[in-house]
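>>> structure of the sequence below:
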Amino acid sequence: MPVLFPFLAIAFPAVAAFLFLDSAAGRLYGRWPAWLADPAAHVTDVGRSWWILTLAALVIAGGWALRRFVASERTGLVAARLMSMAFYILTSVGLAALLVNVVKRIVGRPRPVEFADYGLFSFHPLTWNFDFESFPSGHSTVNGALFMALALLFPRFRRPLLVLGFYFALTRVFVGAHFPSDVMTGFGFGMWFSFATAIIFSRFGVLFDGGAGRPMPKA
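This next block holds a predicted model:
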C-alpha cells in the first residue's frame, strides 16, 4: 500500500483530466480568456529548472565558503543547514526534471497546438520534436518538486505553498503548452519525487527526521 497509494494519487487525477478536460483544453487552444492567459504568460516560466538548480548550487557554494573562511560555530551551523536544504532541492528538482524529460520524449504526445490534426489518442515516440513532447509536463514536474520540497522544509506554510505551486503548473494549460492531464501527472510526480527524496534523506539523518510517519525538518 505505501507504494500503491502514491501511484493512485497521481494516476486518478491524471486519468480524470484525460477523460473529461483534455478535449476542452484542446479546443480552447489560443482562445483562453485574457484574465487567465495574460497572467499565466508572465509566471509560467517559474517552472523552468535552470534557475532553481543555479540558485541551489550558488547557495551550496556560498555555504561552503562561509564554513571555510568564517571562524564561527553558529555561522558554520547556519551554513551547513542552508547547504543541506539547497542540496535537497537541487536533488529533488534536478532528478525529477531529468526523468520526466526522458519520459516525455519516449511517449511523444502531441501538444495542444497539434490537437486539430492529431487529437488526444496519437503518440509519436522519439521524434525529438518539441511539439510532440507534451506528456508529462516538465514545468509542472519542476513546480511539484520545488513546492513540495518547500512545503516539507517549511510545514507551517505547506498549504499556501502547494496551492501556489499548483497554480504555476496550471499556467501551462492557459498558455497552450500542455493538456490538463500532462500537468496533473507532472505535478503529482514532482510532489511524490520530493517526498520520496525527503524520506531517503531522513533515513540517513540528513535534514529530516522520519519518526512522525512523514519526513519533518530537524530542529
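>>> give me the three-state assignment for the residue of the chain most remote from its centre.
In the chain, the residue that sits farthest from the middle, by CA atoms, centre = their mean, is residue 71; the gap is 37.3 Å. Here residue 71 is recorded as coil under DSSP: H, G, I helix; E, B strand; the rest coil.
>>> three-state assignment of residue 32?
Of the three states, residue 32 takes coil under three-state DSSP.
>>> tell me the contacts of it?
By CB atoms under 8 Å, 6 or more residues apart in numbering, residue 32 lies in contact with 40, 174, 176. Yep, even glycine has a C-beta here, placed from its N, CA and C like the rest.
>>> including pLDDT, secondary structure and distance to residue 138, could those residues go into TSV?
Listed next are the contacts of residue 32 as TSV, based on pLDDT from 0 to 100; DSSP: H, G, I helix; E, B strand; the rest coil; distance: CB to CB, whole Å:
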residue	pLDDT	secondary structure	distance to residue 138
40	97	helix	16
174	97	helix	16
176	96	coil	15
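>>> CA atoms only: put the lowest-mean-pLDDT helix or strand in the chain into CSV for me.
Every helix and strand of the chain was ranked by mean pLDDT, DSSP states H and E. The lowest is helix 4-20, at a mean of 82. Coordinates of the C-alpha atoms in helix 4-20 are reproduced here as CSV (Å, rounded to 0.1, in the frame of the first residue of the first chain):
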residue,chain,number,x,y,z
LEU,A,4,0.4,1.8,-4.4
PHE,A,5,-1.0,4.9,-2.8
PRO,A,6,1.3,7.5,-4.3
PHE,A,7,0.8,5.8,-7.7
LEU,A,8,-3.0,6.1,-7.4
ALA,A,9,-2.8,9.6,-6.0
ILE,A,10,-1.1,10.6,-9.3
ALA,A,11,-3.0,8.3,-11.6
PHE,A,12,-6.6,9.1,-10.7
PRO,A,13,-6.5,12.9,-11.2
ALA,A,14,-4.5,12.4,-14.4
VAL,A,15,-6.9,9.9,-15.9
ALA,A,16,-9.9,12.1,-14.9
ALA,A,17,-8.3,15.1,-16.6
PHE,A,18,-7.6,13.0,-19.7
LEU,A,19,-11.2,11.8,-19.9
PHE,A,20,-13.0,15.0,-19.0
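>>> distance between that helix and the chain's centre?
16 Å (CA atoms, centre = their mean, to the nearest Å).
>>> list the buried residues of that helix.
Neighbour counts over helix 4-20 (16 or more other CB atoms under 10 Å) mark 6, 10, 13-14, 17-18 as buried.
>>> surely residue 66 and residue 76 touch.
Yes. Residue 66 is within contact range of residue 76, at 7.3 Å (criterion: CB atoms under 8 Å).
>>> what backbone torsions are found at the residue farthest from the centre of the chain?
phi -90, psi 70 (degrees, to the nearest 10).
>>> ditto for residue 176
Per degrees, to the nearest 10, the backbone of residue 176 is at phi 80, psi 20.
>>> which parts of the protein are helices?
For the chain, applying DSSP state H gives helices covering 4-20, 22-27, 34-43, 49-69, 73-107, 115-118, 138-153, 158-174, 180-203.
>>> okay, those, which one's buried deepest?
Compared across these, helix 138-153 shows the largest average neighbour count, a mean of 28 (mean count of other CB atoms under 10 Å).
>>> with that, I have no additional questions.
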